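**Q** coordinates only, sequence not included:
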């Protein structure tokens, strides 16, 4: 029993460490922020090691089927820890420059990470909801991190209200499902649904509300309204956080709920996801063209990428799930690169870079950052020579193999529409003359990690095998 | 020894890695960067000549074959190989790149390293297109070429370069994504991305029509064929001289190459059913675009439209084989070889003409014909070359322009008198627009004071134009080596075109 419980070691370690860091930060005086940062990165790296060590062990189900440590859970936890560490590394110089680096940022981030780890291992409605709420509440607080900013406060309220409604809907769907199946564990629910002949009204309601909850978390149209406002209003460090790690959590929640819990209803949720995906692709790409603010443009581009993720998902079988997972990993890599570049730049009065036109001539003033942004933009457009191409290729293959050729054609046509606004950023950086020079922060660690991030976009193009094979392996 | 080296990989990666080194060399000095880029381009040229000498033109099978597994999950291999169709195109690429680097020698010192490095990377990618034997690898190089070209036009181009380069990128991207869907569909049915295996797979009528149309959209935009040609004049006008040369000489040929590798061997039934469509569009390109060229006032735009008209000959040659009787294989071979020779010759001729316009632009900063007049008085050497290239563009016997056009017209005549009649109108239209431009620019009285002060060619420019003249006259007077190199592969392609690849 004890040996089995050691499987939960990462989560226990994280919780203990976070509480300890919280206490330390209260009593360390002026150095509290530095201690918190260093300790947070340390605990995240320890987590990565712990999860690595557990990779070769067999799957474990614990706590009355509430907790499962299968291959998917381990991979997601690994990715979440790495991405949160990268977020902290990119965010600290930005926050220091604005004299806003406080221990609360890192502690809230660590609690959100714990929420994501719980979601990754969840095998039960309650555990999923528990993890989701832990993550969401920390994120609401993080969005409101800048006390004095009106934009941040407005974004936080919007996020909180919409998020609360969406969580409520998810819970409503879960409770109806519980009422029908009298089970909270996903495997028991799936076993019940195997014996259901046809869809009754209760199941339709339950399925719909659960899909709505999942769609909100992803940011899929028409449940996307929070995405642009929160991305734009939140401090850029928090936007980086929202754009990266929680996407993994949303993905694993969708897999657990839809694939492990309700695989029998695949024909039904497949159609719902199809509508979500098509709308996200169209609206995300088209509306992004009209944006003149970089964070808002990235928000709408996120929506279009989520459309692709849902396209991979909707095939309902392992090849599609693996393509979706790979797409999310590559998307997080690209988003980290894009926001990392944004975090490195600032205007003369220490304000954030917001308008697209402020990128003019960046290739002359900051060639390294401009090159990283160029790689990220081409990758987001899905151009060969960058890894984004494989992400799109994988999803397109999954669509064509499952006979959704028209969806594949729509996806590529929308990609062309989308290519325009990515090219526009490159146009500002490389084709326009320098008008106003931007400043860049010079933190060594952040710059190094950002450069590695950029190199990975090309490096993973040349050597994608390891990551691809792992994504396939997870779903076998 | 030659056969054991991975020559094709060297040919692809040497320019790419060399280009990155040139970028790094800028830190040492700009002069070092320039000479390094020239050395890399010359090295690539030498290796491609070694390739040509080691090539056995009596075999149609792929030579210098390399295949290593690359991406397991997608079943994509890093597979390279050349045959008689690829080798001339690779040689064209390497020669043109050397000339472009020499021609770009005097660009402003602050960005010359980036400029030359981008061309080297572009060269590696273009060679990759002509060597790739795996469908997705081909697509990667095919699309990947867009990135350096996009940057070349956008950073170093003319006043409307942003419009031109984004139009070029999105237009070509639009065509290519349909190719991607078609390739994924091919894998679904054939279980492999290997081009040779795909050429042997059988598809039924509807599948072939769908695939042919998808391929057609992609390659028609690339060539470009009427009516999806509108990106080319803008791209050429706004591109820097080197960019125009590479675009016209090589990147357009990639579209024709795609027809030869994909459309004709994989979907021969659909190709023969829709051959009328392609022939009609080609003839419209030859005649209509010829008239459009006549009306141009900008020299580069005129040459751009002339390129579209000449590429019409290429596609005409490739698809008229389906209109020739099956026992007329000697004329069909003539048509295919004519299209191929036209591709190579047009590469040299249009490259040369764009270099000439570049020479004038460097001096006068204007491409408008009206700003010139009587250039031959002040620049006699230049005018000599200009007239030679103009005659080649017209298709004067003795120059390479004649060989390809004549072969295609002969074959078209056998298929249908009207095809030949319309195609031969290029002899008149081509002469009209080209010679009229030459007359207005080079001959007559000196137009204005600016022209009176023009200096003749310097030795660098002289060298580039002289090399191109040699190639044009060589292919024009003695095309046999080129045709022999292609012979076996063209016969095999013809054999593949005469299958139907329908299910048994």
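**A** Yep, that arrived. Bear in mind that the values here come from a model prediction, so they are computed numbers and not experimental data.

**Q** and the residue of the stretch 251-400 of chain B at minimum distance from chain A, how many neighbours does it have?
**A** Closest approach between the stretch 251-400 of chain B and chain A, counting by CB to the nearest CB: residue B:254, at 14.0 Å. Heads up, the C-betas are built off the backbone N, CA and C, glycines and all. As a burial measure, residue B:254 scores 20 neighbours (other CB atoms under 10 Å in any protein chain shown).

**Q** now do the host helix or strand of it: distance to the chain's middle.
**A** Taking DSSP states H and E as the definition, residue B:254 sits inside helix B:252-258. How far helix B:252-258 lies from its chain's middle: 6 Å, per CA atoms, centre = their mean, to the nearest Å.

**Q** which residues in the stretch 251-400 of chain A form strands?
**A** Taking DSSP state E, counting those that start in this stretch as the criterion, the stretch 251-400 of chain A carries its strands at A:345-346.

**Q** which helices and strands sit right next to the helix holding residue B:254?
**A** Using 3 or more CB pairs under 8 Å, 6 or more residues apart in numbering or on different chains; DSSP states H and E, the elements in contact with helix B:252-258 are helix B:86-103, helix B:112-131, helix B:205-222, helix B:299-319, helix B:329-364.

**Q** quick check, the residue of the stretch 251-400 of chain B closest to chain A in contact with residue B:222.
**A** Yes: counting by CB atoms under 8 Å, residue B:254 does reach residue B:222; the two are 5.9 Å apart.

**Q** around chain A, which positions in the stretch 301-450 of chain B sit nearby?
**A** Contacts of the stretch 301-450 of chain B with chain A, taken as CB under 8 Å from any CB of the partner chain, are absent.

**Q** now the residue of the stretch 251-400 of chain B closest to chain A: closest residue in space, sequence neighbours ignored.
**A** Leaving out its chain neighbours, the residue that sits closest to residue B:254 by CB to CB, 6 or more residues apart in numbering or on different chains is residue B:129, at 5.3 Å.

**Q** residue contacts, the one you found?
**A** The contact partners of residue B:129, taken as CB atoms under 8 Å, 6 or more residues apart in numbering or on different chains, are B:138, B:141-142, B:145, B:254, B:257.

**Q** rerun at 7 Å
**A** Neighbouring residues of residue B:129 by CB atoms under 7 Å, 6 or more residues apart in numbering or on different chains: B:138, B:141-142, B:145, B:254.

**Q** mean pLDDT and distance to residue A:58 for the helices and strands packed on helix B:252-258 - can I get that in a markdown table?
**A** Converted to a markdown table, the helices and strands packed on helix B:252-258 look like this (pLDDT from 0 to 100; distance: least, CB to CB, whole Å):
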| stretch | mean pLDDT | distance to residue A:58 |
| --- | --- | --- |
| helix B:86-103 | 95 | 51 |
| helix B:112-131 | 94 | 44 |
| helix B:205-222 | 94 | 45 |
| helix B:299-319 | 94 | 59 |
| helix B:329-364 | 93 | 60 |
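
**Q** sheet partners, orientation included, of the biggest strand by length in chain B?
**A** Determined from DSSP state E, the single longest strand within chain B is strand B:63-71. Applying DSSP bridges to the sheet, strand B:63-71 is found paired with strand B:76-82 (antiparallel).

**Q** chain center to the partner strand, what's the gap?
**A** 22 Å.

**Q** quick one: low-confidence ranges for the chain?
**A** Looking at chain A here, since you left the chain open. Filtered on pLDDT under 70, chain A yields the residue ranges A:1-3.

**Q** oops, chain B please
**A** B:1-3.

**Q** so residue B:165 touches residue B:150, yeah?
**A** Yes: contact between residue B:165 and residue B:150 holds when scored by CB atoms under 7 Å: they sit 5.4 Å apart.

**Q** just the closest residue of the stretch 1-150 of chain A to chain B, please.
**A** Of all residues in the stretch 1-150 of chain A, the one sitting closest to chain B is residue A:75 (15.3 Å; CB to the nearest CB).

**Q** and the gap between that residue and residue A:119?
**A** 14 Å (CB to CB, to the nearest Å).

**Q** for chain A, longest helix please?
**A** helix A:150-181 (DSSP state H).

**Q** can you name every helix or strand that it contacts?
**A** Packing partners of helix A:150-181 (3 or more CB pairs under 7 Å, 6 or more residues apart in numbering or on different chains; DSSP states H and E): helix A:125-143, helix A:186-194, helix A:201-218, helix A:226-233.

**Q** please identify the buried residues of the second one?
**A** When neighbours are counted by 16 or more other CB atoms under 10 Å in any protein chain shown, the buried residues of helix A:186-194 are found to be A:186, A:188-190, A:193.

**Q** list the contacts of the closest residue to residue A:146 other than its chain neighbours.
**A** Nearest non-adjacent residue to residue A:146, counting by CB to CB, 6+ apart: residue A:152, 4.5 Å away. Residues in contact with residue A:152 (CB under 7 Å, 6+ apart) are A:143-146, A:233-235.

**Q** switch the cut-off to 10 Å
**A** The contact partners of residue A:152, by CB atoms under 10 Å, 6 or more residues apart in numbering or on different chains, come to A:142-146, A:230, A:233-235, A:238.

**Q** same question, residue A:63
**A** Counting by CB under 10 Å, 6+ apart, residue A:63 makes contact with A:4-5, A:8, A:121, A:123-124, A:127.

**Q** ok, residue 244 - how many residues close by?
**A** I went with chain A, as the question did not name one. Around residue A:244 there are 24 other residues, counting by other CB under 10 Å.

**Q** wait, chain B was what I had in mind.
**A** Counted with other CB under 10 Å, residues neighbouring residue B:244 total 29.

**Q** in which helix or strand would I find it?
**A** In the assignment (DSSP H and E), residue B:244 maps to helix B:241-246.

**Q** go on, residue B:8?
**A** If you go by DSSP H and E, residue B:8 is part of helix B:7-25.

**Q** this completes my enquiry, with thanks.
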